[in-house]
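> predicted model follows, preceded by the sequence.
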Amino acid sequence: MKFTLLLLLALAGCASSAAREGGADARADSTALRAQVHTDLAADYYLRTQYAVALQELTEALKADPGYAPAYNMLGLVNGELREDARAEENFRHALSLSPQFSEAHNNFGLFLCQRKRLKEAREHFDAALANPLYSSPEKALTNAGSCAVEQGDLAAAELYFLRALKRAPEHASAQLGMAEVQYRQGRYLAARAMLRQLTDQTEANAQALWLGVRLERRLGDRETAANYGAQLQRRYPESMQTQWLITGQYDQMGSLL
């Protein structure tokens, strides 16, 4: 579910910046500080997939400040990973009721909804995140909106979202992968190759990127490079669905960017 979570940080964001956006600066007292510290710790445990400890920290955060929006945002993330969808949705909505312009919560809730195929609602939350001129990392919401548009089959909208993300952050790996995938699906294979090589030159490719490389180079007739991508895929991600598709020759499978 995570774009090896480069998309995970797209989900969680930086907890301290989310805390500031959610209103911690306006209440710079010891109560708010304790809530922020426990929420920051929960975010660290979340990124390590230590969800039980993250929940303990969030319980402490809300004991310190029951109205602390970033804690509810983190609760939504943890609940989502635990497939507690009703709780996740309740917590995202509560975070936004406490802080309606909390862009990171809109972004995270949008990704949660998109992963569950509630695509129209998801894009509404991405757009709400982007409407806030104080949002410090709009490239995350733009990339997630682009991935969601790909799921809808709206490649034109997806391309615009990815272009905006790359204008903001040219080396944003998730946006580069999304753009390369869109170009591949549009039949623009040379452009997709250039974008994918830009991505793989700067960071280690995830399973989806390597699988795109396999499919792309087969389309371009370069079986040697395709085989190289395939070998990397099997070595690095032997349990991935992309490796299974490679082994069984299911080259028409595209997978998800989410």
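Happy to help now that I have it.
> helices along the stretch 1-150 of the chain, start to end?
Using DSSP state H, counting those that start in this stretch, the helices of the stretch 1-150 of the chain run over 6-12, 15-22, 30-47, 51-64, 69-81, 85-98, 103-115, 119-130, 138-152.
> turn those helices into CSV, columns for mean neighbour count, distance to Q234 and mean pLDDT.
All C-beta atoms are positioned from the backbone trio N, CA, C, and that covers glycine. What follows is these, written out as CSV (neighbours: other CB atoms under 10 Å; distance: least, CB to CB, whole Å; pLDDT from 0 to 100):
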stretch, mean neighbour count, distance to Q234, mean pLDDT
helix 6-12, 20, 22, 42
helix 15-22, 22, 36, 47
helix 30-47, 20, 27, 95
helix 51-64, 18, 30, 98
helix 69-81, 27, 27, 98
helix 85-98, 18, 33, 98
helix 103-115, 27, 26, 98
helix 119-130, 20, 32, 96
helix 138-152, 26, 25, 96
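> would you format these as a markdown table with distance to R218 included?
A markdown table is the format used below for these (distance: least, CB to CB, whole Å):
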| stretch | distance to R218 |
| --- | --- |
| helix 6-12 | 26 |
| helix 15-22 | 42 |
| helix 30-47 | 35 |
| helix 51-64 | 39 |
| helix 69-81 | 34 |
| helix 85-98 | 37 |
| helix 103-115 | 29 |
| helix 119-130 | 29 |
| helix 138-152 | 20 |
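> quick one: closest of those helices to R197.
Smallest distance to R197 across the helices of the stretch 1-150 of the chain (CB to CB): 17.6 Å, for helix 6-12.
> so what's Q101 closest to, chain neighbours aside?
N132 (5.0 Å; CB to CB, 6 or more residues apart in numbering).
> apart from its neighbours in sequence, what residue is nearest Y184?
Distances taken as CB to CB, 6+ apart put A192 closest to Y184, at 4.3 Å, once the chain neighbours are dropped.
> how close does the residue nearest to Q101 get to N108?
14 Å (CB to CB, to the nearest Å).
> for S97, same thing?
S97 sits 15 Å away from N108, going by CB to CB.
> same check on L177?
Distance, L177 to N108, by CB to CB: 20 Å.
> equivalent analysis for Q244, please.
Distance, Q244 to N108, using CB to CB: 30 Å.
> and the helix or strand where R193 lies, what's buried?
When elements are assigned from DSSP states H and E, R193 belongs to helix 189-202. Of the residues in helix 189-202, 189, 192-193, 195-196, 198-200 count as buried by neighbour count, 16 or more other CB atoms under 10 Å.
> dump the residues you listed into a markdown table; add pLDDT and distance to F126 as well.
Below are the buried residues of helix 189-202 laid out as a markdown table (pLDDT from 0 to 100; distance: CB to CB, whole Å):
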| residue | pLDDT | distance to F126 |
| --- | --- | --- |
| Y189 | 98 | 28 |
| A192 | 98 | 24 |
| R193 | 98 | 28 |
| M195 | 98 | 22 |
| L196 | 98 | 24 |
| Q198 | 97 | 24 |
| L199 | 97 | 22 |
| T200 | 96 | 27 |
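> export those residues to CSV and tack on distance to N206?
Output for these, formatted as CSV (distance: CB to CB, whole Å):
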residue, distance to N206
Y189, 20
A192, 16
R193, 17
M195, 15
L196, 12
Q198, 15
L199, 10
T200, 10
